[in-house]
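>>> below are the sequence and a predicted model; questions follow.
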Amino acid sequence: LHSTKRLNDEELERYNYYNNKVEEIKYKLDIFKKYNINLGNLENEFKKTNDKLLNGEFTQLEIHLDNINSGLKPIIEKYPNINLTKQNLVREEIIQKSINEANVARAKYVDLETPYNETLKLYQQVKKKLGETKGVLTIKSELIKIEQQIKNLRINWDDKKAQLVKQRTVFVIDVIKKYL
């Protein structure tokens, strides 16, 4: 019969610790199998290791782990170019969430920079039409200030400041249109 008693935290930690060790060895064995490398009796030893883990026989498990690691050492030395580092994969939902957050953040900047870029084009038209007059230089000065504020917002976004930059940009557009 199986025990219905909950394992204490120390036992659970031991199971997790040894489970991670067994998983690490299984990963290495699988990599070497992919390369058709002769593992001798390491696979049989691994099966015993897995059984000992399932039965909670940690002392025996440690002996089998040492045997496998001793057997793997010369194989690892013989094939140093084989990457045995396990890749940590990220769940697709986490990636998608990050992409969505990035798109939302990017939309803020596009929403802010699009009118500014339009303003720059209008400024070029006014400059071409009027030359370097006092009014054109004032517009240029305002555009430089707006550009600096946008750069600051790229570093530290603030919705209120972004709104002020948009308003300032719209004001400059209105001024430029009066000159055109």
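Here it is on my side, so go on.
>>> other SSEs contacting the longest helix along the chain?
Longest helix of the chain, by residue count under DSSP state H: helix 92-130. The helices and strands touching helix 92-130, judged by 3 or more C-beta pairs under 8 Å, 6 or more residues apart in numbering; DSSP states H and E, are helix 134-155, helix 159-179. In short, each C-beta sits where N, CA and C put it, glycine included.
>>> mind listing residues that contact the shortest one?
Defining contact as C-beta atoms under 8 Å, 6 or more residues apart in numbering, one finds that helix 159-179 is touched by 108, 111-112, 115-116, 118-119, 122-123, 125-126, 129-130, 135-136, 139, 142-143, 145-146, 149-150, 152-153.
>>> quick check: angle from it to helix 92-130?
With axes from the mean of the first three to the mean of the last three C-alpha atoms, to 10 degrees defining the directions, helix 159-179 sits at 30 degrees from helix 92-130.
>>> quick one: buried residues of helix 159-179?
162, 165, 168-169, 172, 175-176, 179 (16 or more other C-beta atoms under 10 Å).
>>> closest to F46 among those residues?
A162 (58.4 Å; C-beta to C-beta).
>>> now do the closest one against Y116, distance only.
11 Å (C-beta to C-beta, to the nearest Å).
>>> quick one: buried residues of the helix or strand of the chain with the lowest mean pLDDT?
In the chain, the helix or strand scored least confidently by mean pLDDT, DSSP states H and E is helix 42-55, which has a mean of 88. Neighbour counts using 16+ other C-beta under 10 Å place 42, 45-46, 49-50, 52-53 of helix 42-55 among the buried residues.
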